[in-house]
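[1] Mind looking at a prediction? Sequence and model below.
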Amino acid sequence: MPNIIVCVKHSYDVQQLRYDKTSRKFLLAEAPKKMSDMDRRAVEEALRIKEKHGGKVIALTVGNQDSIDTIRQAYAMGVDEGYAVIDKDFESYDTNNVALILAQAIRKIGNFDLVLFGSASTDGYSRQVPPKVAMYLGLPFINFVREIRLEGNYVLATSDYEDGLYTYRVKLPALIAVTLDINEPRTPTPAAILRASRKPVTQWTLKDLGVGALKKYFEVLDSYMPETPRKHVIFDASSDDKIPDAVQKLIDALRREGVI
Amino acid sequence: MVTILSYSERADLQLELASLANELISKLGGGVSVSALIGYNVKGNADMLSKYFDRVFIIDSENLKLFDLSNYVSALMEVVNKVKPDIILVSGNRRGGAVASALSAVLDVGCVTEVVKVEVINNDVITYRSAYGGLGQARTRVLTTPKIIAVKPGAYQRSTVTKNGTVEELKVDLKKSEIELVDMKPKEAGVKLNEADIVVVAGRGVKKREDLQMLDELAKILGGVLGCSRPLSADLGWFPNWVGMSGVTIKPRLYIGIGVSGQIQHVAGIRDSKIIVAINIDPNAPIFEYVDYGIVGDLYKVVPKLIDELKKIRQR
């Protein structure tokens, strides 16, 4: 009966992220957050493994106080236990910092057979944290996984690489990161969401994990919506008689540009 | 004098890194470019790489036949210890991104992935990476030495500057992997959206699946390929993948969006295209903010006319 730890991130919902047209900065203060898309599938996969093989599913996050929402979302989906490492300086952490904290928290939770991640977070999308945690914990690592099957003390996982689908077999414990293709996550019922709001979330500080001052490896100077100058030439074909002319003008323009 | 180490499991991507390595060396006051050629039965690529790098180190081992991250990192560490690089460039495809990240943990240095451009400002290396899942861009800096920079494939052209580099083989004791490969299904080659010169993209304005035939015909006449925006793939399942953030990012010579509304998440995936064209019935569709040329009109009338006219040109 496997014990599975799923690492989840409370991410900006980039599908709803807007930017200021003048400054071109993102409007982060008003941006909604949610559990990262691939992490949600990692939770779903853990729950499916549990439904088949028994065991326990534990959700773990690191973040600001608001990241507890993501543990609540995991509870609503059906996980058994939730842990959150809370630090007010989380926004300034780089992937080395986050991976180190998660590795320490995983050690402290202990007694696991499988650690699951999403291969990339919805907002950061660096893809750095899962391989780093694998290195810190010295666990075999299988990445970009779109299928998982447990066989006794072994796990079979199919990695989606650019050149093909590779199915690997490795003895537990192992660390696996999954892609969006692995499953379609369940939508929690209103009753489950209500129950989740009353479940206890174990909160740790960096001190609880024995993590001291964090070294700075990487910094973001600024982020913005890039601007690519465009010609903005619009041809009107809103009535039938204008269509031939508009189409001809477009073809002429594209030939002048040398693209057709 | 800087030493820049480049690694990718793919020789063609190594040549992209060679371009960036040469650029950085010249901007940082001279230095040496080094290529790490790591894998099983890879020695055949050494001569080719030595034409584009000053030094090539080969690590060839049966234990690298399977992609085991910790073995690849151990092999790369051997080259790192040998040449003590200031900057480590890795091509950020799926395997490369993981190698860069894991190496950063083992070396205890900083790493930036998804890099599209590197600049040197006052001797400082500034990396531009995509931000918020590809929606935006961020200026970033790795604060350690060495710095690990994982560059998006395609961000740099393959190097054409030829050198007469040295080749040296290193022996490393690697353990047999705990991971075993039990099956491998190669992917069909086909024309990939992100490699096509001309891409026609179908958007939500396309009402029926059968109508895609008309758009496909347009794409074929132009010598391009047909893709779609997110709803047609994620919601309707008409395509296996979509163009845009979290789907495929493209930068063709010509992009034609047909019935595409132009959510910024879609625009983020096409904004590096050379020429952007949109055809949409709604003059207020956001896509028109991002185009070089647009036609405001009914795609069901405009596209057939466009096909007819292009056919006439082709017949001439």
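    Received, thanks.
[2] From chain B, how far off is residue A:179?
    Between residue A:179 and chain B the computed distance is 10 Å (CB to the nearest CB, to the nearest Å). Bear in mind the C-beta positions are built from the backbone N, C-alpha and C, glycine included.
[3] Please, where are all the helices along the stretch 51-200 of chain B?
    Using DSSP state H, counting those that start in this stretch, the helices assigned to the stretch 51-200 of chain B run over residues B:69-83, B:94-107.
[4] looking at the ones you listed, which is buried most?
    Highest mean neighbour count among the helices of the stretch 51-200 of chain B (mean count of other CB atoms under 10 Å in any protein chain shown): helix B:94-107, with a mean of 25.
[5] Quickly check: it near chain A or not.
    Yes: using CB under 8 Å from any CB of the partner chain, helix B:94-107 reaches chain A at B:94, B:95, B:97, B:98, B:100, B:101, B:102, B:104, B:105, B:106.
[6] residues near the closest residue to the third one other than its chain neighbours, how many?
    The one in question is residue B:97. Closest residue to residue B:97 apart from its sequence neighbours, by CB to CB, 6 or more residues apart in numbering or on different chains: residue A:127 at 4.8 Å. Neighbouring residues of residue A:127 were enumerated by other CB atoms under 10 Å in any protein chain shown; the total is 26.
[7] For residue 36, give me phi and psi.
    Reading this off chain A. Note on residue A:36: its backbone torsions stand at phi -50, psi 140 [degrees, to the nearest 10].
[8] oops, chain B please
    phi -100, psi 120.
[9] Okay, and the beta partners of it?
    Going by DSSP bridges, residue B:36 is paired in beta bridges with residue B:7, residue B:57.
[10] ok, it - contacts?
    Residues in contact with residue B:36, defined by CB atoms under 8 Å, 6 or more residues apart in numbering or on different chains, are B:5, B:6, B:7, B:57, B:59, B:75, B:76, B:79.
[11] what's the burial count for residue 59?
    I went with chain A, as the question did not name one. 29.
[12] my bad, the chain I had in mind was chain B
    23.
[13] Next one: it from residue B:42, what distance?
    Distance, residue B:59 to residue B:42, using CB to CB, to the nearest Å: 9 Å.
[14] again, but for residue B:265
    39 Å.
[15] now do residue B:139
    35 Å.
[16] In contact with residue B:304, which residues are there?
    Contacts of residue B:304 by CB under 8 Å, 6+ apart are residue B:214.
[17] For chain A, which strand extends over the most residues?
    For chain A, the longest strand by residue count, based on DSSP state E, is strand A:141-151.
[18] average pLDDT across that one?
    The average of the pLDDT scores along strand A:141-151 is 97.
[19] got the residues of the stretch 1-150 of chain B near chain A?
    So the stretch 1-150 of chain B meets chain A at B:66-70, B:73, B:93-95, B:97-98, B:100-102, B:104-106, B:108-114, B:126, B:130-144 (CB under 8 Å from any CB).
[20] Go again with 6 Å.
    Applying CB under 6 Å from any CB of the partner chain, we find that the stretch 1-150 of chain B lies next to chain A at B:69, B:93-94, B:97-98, B:101-102, B:105-106, B:110, B:113, B:131-133, B:135-144.
[21] Now the element after the helix ranked longest in chain A, going C-ward?
    In chain A, with assignment by DSSP state H, the single longest helix is helix A:37-53. Next along the chain after helix A:37-53, taking DSSP states H and E as the criterion, comes strand A:56-63.
[22] can you give me the angle whichever helix or strand comes after that following strand makes with helix A:37-53?
    Sequence order places helix A:68-77 as the next helix or strand after strand A:56-63, per DSSP H and E. Comparing the axes of helix A:68-77 and helix A:37-53 via axes from the mean of the first three to the mean of the last three CA atoms, to 10 degrees yields an angle of 30 degrees.
[23] distance between helix A:68-77 and the chain's centre?
    14 Å (CA atoms, centre = their mean, to the nearest Å).
[24] Would you tell me what the next helix or strand after it is?
    That would be, after helix A:68-77 and using DSSP H and E, strand A:81-86.
[25] pLDDT of that next one, averaged?
    98.
[26] what's the burial count for residue B:164?
    7.
[27] How confident was the prediction at it?
    Value for residue B:164, per-residue pLDDT: 97.
[28] distance of it from chain A?
    As for residue B:164, its distance to chain A is 31 Å (criterion: CB to the nearest CB).
[29] Just want the phi and psi numbers for that residue.
    According to degrees, to the nearest 10, residue B:164 has phi -130, psi 70.
[30] hmm, back to that, and the residue nearest to residue B:97, what is it in contact with?
    With contact set as CB atoms under 6 Å, 6 or more residues apart in numbering or on different chains, residue A:127 has these partners: A:120, B:97, B:113.
[31] Turn those into CSV, columns for pLDDT and distance to residue A:208.
    Shown next, in CSV, are those (pLDDT from 0 to 100; distance: CB to CB, whole Å):
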residue, pLDDT, distance to residue A:208
A:120, 95, 28
B:97, 98, 31
B:113, 97, 30
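[32] residues in the stretch 151-300 of chain B within reach of chain A, list them.
    Going by CB under 6 Å from any CB, the residues of the stretch 151-300 of chain B near chain A are B:178-187, B:253-254, B:265, B:271, B:275, B:292-297.
[33] cutoff 7 Å now
    B:178-187, B:222, B:245, B:253-254, B:265, B:271, B:274-277, B:288, B:290-297 (CB under 7 Å from any CB of the partner chain).
[34] Run through who's touching stretch B:308-316.
    A:247, A:248, A:251, B:221, B:222 (CB atoms under 7 Å, 6 or more residues apart in numbering or on different chains).
[35] Checking the second one next. Helix, strand or coil?
    Reducing the assignment to helix, strand or coil with DSSP: H, G, I helix; E, B strand; the rest coil, the entry for residue A:248 is helix.
[36] before we move on, which element is the closest residue to it other than its chain neighbours in?
    Nearest residue to residue A:248, sequence neighbours excluded (CB to CB, 6+ apart): residue B:309, at 6.7 Å. Residue B:309 belongs to helix B:299-315 when assigned by DSSP H and E.
[37] from the middle of its chain, how far away would that helix be?
    Using CA atoms, centre = their mean, the offset of helix B:299-315 from its chain centre is 33 Å.
[38] coming back round to it: can you tell me which of the residues of the stretch 151-300 of chain B next to chain A end up in strands?
    Per DSSP E, those map to strands at B:180-186, B:254, B:275-277, B:293-297.
[39] List the residues that contact the residue lying closest to residue B:12 once chain neighbours are set aside.
    Leaving out its chain neighbours, the residue that sits closest to residue B:12 by CB to CB, 6+ apart is residue B:158, at 6.8 Å. If you count contacts by CB under 7 Å, 6+ apart, residue B:158 has them with B:12, B:15, B:16, B:19.
[40] tell me the two of those that are most distant?
    B:12 and B:19 (12.0 Å; CB to CB).
[41] Between the two, tell me which one has more neighbours.
    Using other CB under 10 Å as the criterion, residue B:12 and residue B:19 rank with residue B:19 on top: 19 against 10.
[42] what about that one, distance to residue B:136?
    Residue B:19 is 25 Å from residue B:136, by CB to CB.
[43] how many neighbours does the residue in the stretch 151-300 of chain B that chain A sits nearest to have?
    For the stretch 151-300 of chain B and chain A, the shortest gap (CB to the nearest CB) falls at residue B:297, measuring 3.0 Å. Neighbour count for residue B:297, taken as other CB under 10 Å: 24.
[44] out of residue B:265 and residue B:42, which sits in the busier spot?
    The neighbour comparison of residue B:265 against residue B:42 (other CB under 10 Å) goes to residue B:265, with 22 against 17.
[45] re the thing from before, export the contacts of residue B:36 to CSV and tack on pLDDT?
    Shown next, in CSV, are these (pLDDT from 0 to 100):
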residue, pLDDT
B:5, 98
B:6, 98
B:7, 98
B:57, 98
B:59, 98
B:75, 98
B:76, 98
B:79, 98
